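**Q** No sequence on hand, only this structure:
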């Protein structure tokens, strides 16, 4: 009899230890997720953030077919990132409540309801369930501190998001003046030819190189920024990036102007930024393509049509059109796949040579 009681006591103690350790592990997982999402100054994927945003996107994707116009779908998608962030905070708090509820249960009364009640009281600092033992006091203080930390992290995270968002959107808005709406590489080159002169394009390459560097840093460390939409439904940071990269590629391949290293650097900064963002979302692409003309979504007919439009506006073009096509394909292949993938991911508005050939654009 005594031996059976001792065995049962050992089994109960082992269960309590396992439950306590499980709650401690879940707490550590949540804290690590918050650090990766809010504090770590580099891209850090974690299953909690990933799962919450996928769940919110699944709900929105269910609702999108009910909206007929792109404007109404864009208005719905505008809620994706803000709702995702709030849902992420709620998921963290719920997991913390469950984790500490397990630790309260393992160190106190065997009633699960009272353990969760004490955990909820500690997390919300309402105080309707006071700690009963010294270890419960320690758990109460720890849970209250973690709950406040998670809320404070989100609050301090928002100004960083909107500062980076404002810096990004300033250039996107200015592009409408220079490249039209939707932004077009051909339109940008012809406008500069008519108004400023093609030699002034060098200033734009410098500005957009810095813009690409900024989004490379901000859109991987603050990944929700990828889904923050422009104030106007016809604007998008993805289509703006595509228009600038195409304009620089056309300038370097077919426009007859003196070589400008600034355009080369802008293209390189651009495709590196898009690739780094694509890496965060685990998109596959050819990092070292070998057949550029066969691997880009822009056709030879579209390229020739762009050349005819430029020529009609009096833009000086290279005489060797075959070599120009090969040069353009050699530039475009570096960002073609990731550009279209990001257009699909963000449900970007219509723009030539980018979202118009993504799955959403075709639909």
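**A** Everything's here; your move. Since this is a predicted model, take the numbers as computed values, not measurements.
**Q** For stretch 73-93, which residues meet the burial criterion?
**A** By neighbour count on 16 or more other C-beta atoms under 10 Å, the buried set for stretch 73-93 is 73-74, 77-78, 80-81, 83-85, 88-89, 91-93. Yep, even glycine has a C-beta here, placed from its N, CA and C like the rest.
**Q** who touches residue 305 in this structure?
**A** By C-beta atoms under 8 Å, 6 or more residues apart in numbering, residue 305 lies in contact with nothing.
**Q** circling back to that earlier point, and the buried residues of stretch 73-93, which is closest to residue 196?
**A** residue 74 (32.1 Å; C-beta to C-beta).
**Q** Pull the distance from the helix or strand hosting the closest one to the chain's centre.
**A** According to DSSP states H and E, residue 74 maps onto helix 70-77. When C-alpha coordinates are averaged (C-alpha atoms, centre = their mean, to the nearest Å), helix 70-77 and its chain have centres 18 Å apart.
**Q** Show the backbone phi and psi for residue 255.
**A** phi -80, psi 130 (degrees, to the nearest 10).
**Q** How many neighbouring residues does it have?
**A** As a burial measure, residue 255 scores 20 neighbours (other C-beta atoms under 10 Å).
**Q** swap in residue 182?
**A** For residue 182, the neighbour count with other C-beta under 10 Å is 22.
**Q** try residue 54
**A** 10.
**Q** Packing partners of the helix or strand where it lies?
**A** Assigned by DSSP H and E, residue 54 falls within helix 47-63. Applying 3 or more C-beta pairs under 8 Å, 6 or more residues apart in numbering; DSSP states H and E, we find helix 47-63 packed against helix 2-34, helix 70-77, helix 80-107.
**Q** Compare these and give me the one nearest residue 139.
**A** helix 80-107 (5.7 Å).
**Q** The closest one to helix 47-63, inter-axis angle?
**A** Helix 80-107 and helix 47-63 are oriented at 130 degrees to each other (axes from the mean of the first three to the mean of the last three C-alpha atoms, to 10 degrees).
**Q** Packing partners of helix 80-107?
**A** When contacts are defined as 3+ C-beta pairs under 8 Å, 6+ apart, helix 80-107 packs onto helix 2-34, helix 47-63, helix 112-124, helix 134-179.
**Q** Can you get me the centre-to-centre distance for the last one and its chain?
**A** Read it as helix 134-179. 14 Å.
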